[in-house]
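>>> Sequence and computational prediction follow.
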Amino acid sequence: MFRLAFETYRAARKLGLSLDIVAPDADLSGYSLVLAPGLLETPKSLETFHGTALIGPRTGSKTSELSIPTPMGPNITGLDCTSVRVQSLPPTCNIPLENGGCFKHWLEDLEGNAEIALRTKAGAPAIMRAGTLHYMAGWPEADTYVDILETLAHQAGLKTQRLPDGLRIRDTPTHRFWFNYAPDDIEFEGRTIKSADIQIETH
C-alpha cells in the first residue's frame, strides 16, 4: 500500500497542505484533518478523533495476525459501513464517479447505514461517512484524489491552493518554504521560484 500512501501525500501537497507522518497510535487531538490510506488494521486512535478523517481503502481488512476479520473493515465504532466484496481492477479499467473522476486499481462494495457522501456513476457507495469520519471504497485517480481532499480540507477549515506541477510549499509556525522541483522556473502569486531552488519567507 506504499503507492497509495504516496499518492495520498502527493494529492495533499498539490493542494499546498503541510503534512506530518505519524504512527497509527499517535495522539491526533492537535489535527483538524487526518488521512489514513490503506492501514490494514484499523487504529483505535481514529475512534476518538473529532476532526475530519478520510480512511481507506482496505483499512481494517486484516487483523494483527494478518487474517481476514469478520466482518471485514473498516470496523470503526460509530461508522456503520462494511466492505463486503473487493475487486482488484486491471490497469485499463476505471470506475467512473457520479460527479466526474474515477477510481482505479481497487474497488470495494460497501454496505451499512452510514451516509453516502459520494457515489460511483453506477450508483454504488464510493465514500460513506458518519459526521466527519469518511471511508473511501476505492483508489482515486490522481486529479480525483486532489478534488476529494480539497473538499475535505475545506470541511476541516483548512485553506488550500492548487500548486503548479513541480512547486510545493511547507509551513512551519514561523516560516514558509517554497520548493521548485521542476526543470524550469515557476511564476506563482507574483514570485519567481527558479528551477531546483528553494525560497524561504517568515510569517
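Alright, I've got the coordinates.

>>> Which secondary structure element of this structure has the lowest mean pLDDT?
strand 82-88 (a mean of 91; mean pLDDT, DSSP states H and E).

>>> by contact count, what packs against it?
Counting contacts by 3 or more CB pairs under 8 Å, 6 or more residues apart in numbering; DSSP states H and E, strand 82-88 is packed against strand 102-111. Any C-beta I mention is one placed from the backbone N, CA and C, and that applies to glycine too.

>>> List the buried residues in the strand it packs on.
102-108, 110 (16 or more other CB atoms under 10 Å).

>>> which stretches of the chain form strands?
Assigned by DSSP state E, the chain shows strands spanning 33-36, 52-55, 82-88, 94-96, 102-111, 115-119, 125-130, 133-136, 138-140, 167-171, 175-180, 186-188, 191-193, 198-202.

>>> Worst mean pLDDT among those?
Ranked by mean pLDDT, those end with strand 82-88 in last place, scoring a mean of 91.

>>> Could you tell me how far that one lies from the centre of the chain?
19 Å (CA atoms, centre = their mean, to the nearest Å).

>>> Contacts made by that strand with the rest, please.
57-58, 60-61, 71-75, 105-112, 137 (CB atoms under 8 Å, 6 or more residues apart in numbering).

>>> Please report how far the spatially closest residue to T52 that is not a sequence neighbour lies from T77.
Excluding its sequence neighbours, the residue lying closest to T52 (CB to CB, 6 or more residues apart in numbering) is A156, at 3.9 Å. According to CB to CB, to the nearest Å, A156 and T77 sit 21 Å apart.
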